[in-house]
Structure formats: C-alpha cells, structure tokens
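Peer 1: Could you look at this predicted model? Sequence included:
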Amino acid sequence: MDGMRTSTPTASPLPAAASFHVQQRLGRPARAGSVVELVGNTPLVRLGRIDKQTPGVEIWAKCEFANPGGSVKDRAALRIIQDALARGDLRPGVRLLDSTSGNTGIAYSLIGSALGIPISLVMPSNVSNPRKQVTAAFGTELIFSDPMEGSDGAIVHARELVDLHPERYYYPNQYANDSNWRAHFDGTGPEILAQTQGRVTHFVTGIGTSGTVMGTSRFLHQHDRRIRCIGIQPDDAMHGLEGLKHIPSSLVPPIYDESVLDDMIWMPTDEGWDMSERLAEEEGLFVGHSAGGNVAGALRVAKELSGRGEGGVVVTVLCDRGDRYFAPLKWEKHYVW
C-alpha cells in the first residue's frame with residue numbers, strides 16, 4: 001500500500017489485567033448527574049462526500065469532538081483519574097500533574113474541576129493560545145516548558161517537578177499509563193463495533209500517546225483478527241500535525257506496542273491540513289489537523305481497497321474541533337458595546 005509499511009499481522013496477547021467489559025451503553029443520557037457522565041458514546045458519522053472517491057468502500061469517523069471537553073482525550077483522562085482515585089493515589093492535598101500538548105490538559109482540567117481534584121499541567125509554551133486559556137479557565141495551574149523541545153520536553157520537565165516535590169504531586173504519566181489505552185479498549189472499540197453493526201474492516205488513526213490506537217486495535221483484534229488496524233505517523237520530525245508523534249525522533253510512549261498494528265501510514269503535514277479543509281467544505285466538519293491526517297489516511301486505505309475491487313468499512317477518529325486552533329480567544333468579564 002502506497003505510503004505504508006508492509007507487515008505480517010501477528011497476534012499480540014493482551015496484558016493479564018485487561019478484560020473486556022463495556023461500562024457504558026450506546027446512547028447518551030437525557031440527563032446526567034455530572035458532566036463526566038457525558039464522556040464517551042460519541043456519534044459515528046459517514047463521510048459520504050469523501051468516500052464518493054472510493055466506490056464500494058465506506059469511510060466513517062468517530063466524532064470525538066462531541067465529548068464535553070471537546071476531544072478524544074476526555075476518555076483517557078477520565079479513566080486515568082477514576083483508576084487513580086480507586087487506588088488511593090489521588091487524595092486530599094495532592095495535585096495531579098502531567099505533561100500535555102493541550103487536549104489531555106483540557107480533559108484533565110474539566111474532569112478535575114467536576115470532581116474537585118486540583119490539576120497542574122506542563123505544556124510547551126508554544127501550544128495554541130486557546131488551549132492555554134481554556135485550561136486556565138478551569139482553574140488549572142499551568143507550567144510552561146521549552147517550546148523547542150516539544151512534547152518530549154514537557155515530559156522531562158514534569159518528571160523533574162515530581163522528583164523535586166513527590167509529596168505535592170501525583171504523576172499519572174499518560175504516556176505510560178495503562179488506563180489510557182484501557183479507556184479505548186472498554187469504550188471506543190466496543191462503540192465502533194456496535195455502531196458499524198460489526199461491519200468494520202479497517203481502523204485507521206494517528207499515534208500520539210498511542211492510547212487510542214492501542215486500546216481500540218486490541219479490542220477489535222480480539223473480536224476478529226481479520227480487522228486491519230493501521231497507525232498514522234507524521235512523515236517528518238519537524239511536522240505540523242499537532243498531537244501526533246513521529247516515533248523515530250521522539251520518546252517512545254511505554255504503552256506503544258508496534259506489534260499491535262498491521263500497517264503504518266506516514267503522513268505529510270500538507271496532506272493532513274488539506275483534508276481538514278476538505279472536511280469543512282465538503283462534510284460540514286470543522287476539525288483539527290490531526291483529524292485531517294486521520295481521514296487522509298483512511299482515504300488512502302479506502303482507495304487501495306476500492307482500486308482492487310474490494311469492499312470495506314474504514315473507521316477513523318475526528319480527534320477534536322478546528323476552533324481549538326484559533327489564536328485569538330480570551331474570556332472577558334467586561335465588554336464595551
């Protein structure tokens with residue numbers, strides 16, 4: 001497949017602690033006791049104009065921007081916090097501190113606010129202003145790392161702070177936390193299977209912390225090993241697909257296991273950005289550039305299948321909304337009319 005590595009699928013055994021248990025029913029509640037009950041069970045939307053290019057192959061996208069925090073990261077953040085509370089790692093007087101490029105930080109901030117848990121976040125200082133401002137609006141403490149060191153620099157700085165003040169912080173480390181991928185094994189995967197009525201043939205999504213692709217792929221493979229699960233990485237270390245990792249030049253997330261995946265797509269920044277524009281203009285979906293990269297990857301897969309005369313149902317993820325990347329955004333208490 002063009003732009004993809006070829007590999008022979010091999011079974012990857014689940015860690016012993018993993019188990020298949022769906023905690024949520026499809027469909028959101030008409031009313032909820034807390035905003036955290038609105039996380040997950042996101043809609044699946046057909047990209048009917050995009051997949052006109054691929055006769056016989058459907059492309060569907062999981063609308064993760066419909067989570068209350070506006071991104072797919074709500075799932076992992078909620079599971080990480082719930083599991084930490086259950087273990088007693090989060091207790092009075094302790095702050096949750098983690099590194100983030102933005103979306104997980106917003107998710108931590110929203111959930112922490114709803115559950116009364118103080119949050120501190122380390123992020124590169126060049127993260128988009130809306131992400132900084134939204135997290136701060138929840139009362140989160142923001143700590144900025146060197147912008148030239150990217151998300152890896154934020155990880156290192158977070159570790160240094162925890163080493164200096166172990167009594168002050170609980171460090172969940174989303175990149176190494178099994179609760180990250182389990183949120184998708186127990187949620188995203190079963191939802192996709194149910195929403196496609198079991199017809200999904202391919203799952204395609206980008207790699208950041210890798211929780212989404214690891215957890216969802218493990219579930220889908222456990223259900224049916226014939227389902228192809230494909231990762232997406234930027235094709236260059238100096239890329240513009242915020243939230244995605246170029247693994248060869250990055251600190252590899254400990255939860256990432258390449259053997260879980262059947263193929264890899266290397267995505268140019270321009271292709272992801274161009275698809276984001278197409279989604280807005282052709283599908284009415286204003287999403288971020290990582291989501292654009294995901295759909296561009298799904299389209300590559302669908303074109304290959306269609307070109308061979310094969311049918312298929314390709315599912316990908318719309319990670320977040322495009323307005324999160326607008327530069328001017330400020331909460332004003334006073335207005336001049």
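Peer 2: That came in fine, so what should we check first? Residues are numbered from 1 along each chain as shown.
Peer 1: tell me the strands in this structure, going along the chain?
Peer 2: 4-5, 44-46, 57-63, 95-99, 119-124, 141-145, 169-170, 202-206, 228-234, 263-267, 312-318 (DSSP state E).
Peer 1: nearest to residue 69, of these?
Peer 2: Nearest to residue 69 among the strands of the chain is strand 119-124; the distance by Cβ to Cβ comes to 12.3 Å. (Each C-beta comes from the backbone N, C-alpha and C, glycine too.)
Peer 1: Check which helices and strands the closest one is in contact with.
Peer 2: strand 95-99, helix 103-115, helix 129-137, strand 141-145, helix 150-164 (3 or more Cβ pairs under 8 Å, 6 or more residues apart in numbering; DSSP states H and E).
Peer 1: partner strands of that strand, parallel or antiparallel?
Peer 2: Strand pairing for strand 119-124, determined by DSSP bridges: strand 95-99 (parallel), strand 141-145 (parallel).
Peer 1: Of those strands, flag the one that's most buried.
Peer 2: Mean neighbours per residue, mean count of other Cβ atoms under 10 Å, is largest over the strands paired with strand 119-124 for strand 95-99, with a mean of 23.
Peer 1: Show residues contacting it.
Peer 2: Outside strand 95-99, the residues that touch it by Cβ atoms under 8 Å, 6 or more residues apart in numbering are 81, 84, 90, 104-105, 108, 112, 117-123, 141, 145, 151, 154-155, 157-158, 161-162, 168-174.
Peer 1: tell me the contacts of the one residue sitting closest to the centre of the chain?
Peer 2: Using Cα atoms, centre = their mean, the residue of the chain that lies closest to the mean C-alpha position is residue 72, 4.5 Å off. Residues near residue 72 by Cβ under 8 Å, 6+ apart: 62, 64, 103, 188, 212, 317, 319-320.
Peer 1: now, among those residues, which is nearest to residue 269?
Peer 2: Closest to residue 269 out of the contacts of residue 72 is residue 319 (15.5 Å), distances taken as Cβ to Cβ.
Peer 1: In terms of pLDDT, where does that closest one sit?
Peer 2: pLDDT for residue 319: 96.
Peer 1: what do you get for residue 103?
Peer 2: Looking at residue 103, its pLDDT stands at 88.
Peer 1: With residue 97 instead?
Peer 2: Model confidence at residue 97, given as pLDDT, is 97.
Peer 1: before we move on, the earlier item: out of the contacts of strand 95-99, which are buried?
Peer 2: 81, 84, 90, 104-105, 108, 112, 117-123, 145, 151, 154-155, 157-158, 161-162, 169-174 (16 or more other Cβ atoms under 10 Å).
Peer 1: Distance of residue 153 relative to residue 36?
Peer 2: Per Cβ to Cβ, to the nearest Å, residue 153 is found 30 Å from residue 36.
Peer 1: ok, for residue 192, nearest residue in space, not its chain neighbours?
Peer 2: The shortest distance from residue 192 to any non-neighbouring residue, by Cβ to Cβ, 6 or more residues apart in numbering, is to residue 315 (5.4 Å).
Peer 1: With residue 62 instead?
Peer 2: Leaving out its chain neighbours, the residue that sits closest to residue 62 by Cβ to Cβ, 6+ apart is residue 317, at 4.8 Å.
Peer 1: who's in contact with the one you found?
Peer 2: So residue 317 contacts 61-62, 64, 72, 188, 205-206, 212, 291, 294 (Cβ under 8 Å, 6+ apart).
Peer 1: Max pairwise distance over those: which two?
Peer 2: Within the contacts of residue 317, 188 and 291 form the most distant pair, 14.6 Å apart (Cβ to Cβ).
Peer 1: So for those two, which residue has more residues nearby?
Peer 2: residue 291 (33 against 30; other Cβ atoms under 10 Å).
Peer 1: Where among the helices and strands packed on strand 119-124 is average confidence lowest?
Peer 2: helix 129-137 (a mean of 83).
Peer 1: Buried ones in that helix, by neighbour count?
Peer 2: Result for helix 129-137 [16+ other Cβ under 10 Å]: buried residues 130-132, 134-135.
Peer 1: how far does it sit from the chain's center?
Peer 2: Centroid displacement of helix 129-137 relative to its chain, using Cα atoms, centre = their mean, to the nearest Å, is 18 Å.
Peer 1: Could you list every helix and strand in contact with it?
Peer 2: helix 103-115, strand 119-124, strand 141-145.
Peer 1: right, so of those, which gets closest to residue 192?
Peer 2: With respect to residue 192, and counting by Cβ to Cβ, the nearest of these is helix 103-115 at 19.8 Å.
Peer 1: Contacts for the closest one, please.
Peer 2: Against helix 103-115 from outside (Cβ under 8 Å, 6+ apart): 34-36, 39, 67-74, 76-78, 81, 85, 96, 98, 100, 117-119, 121, 123, 131, 134-135, 137-140, 174, 209, 243, 319-320, 324.
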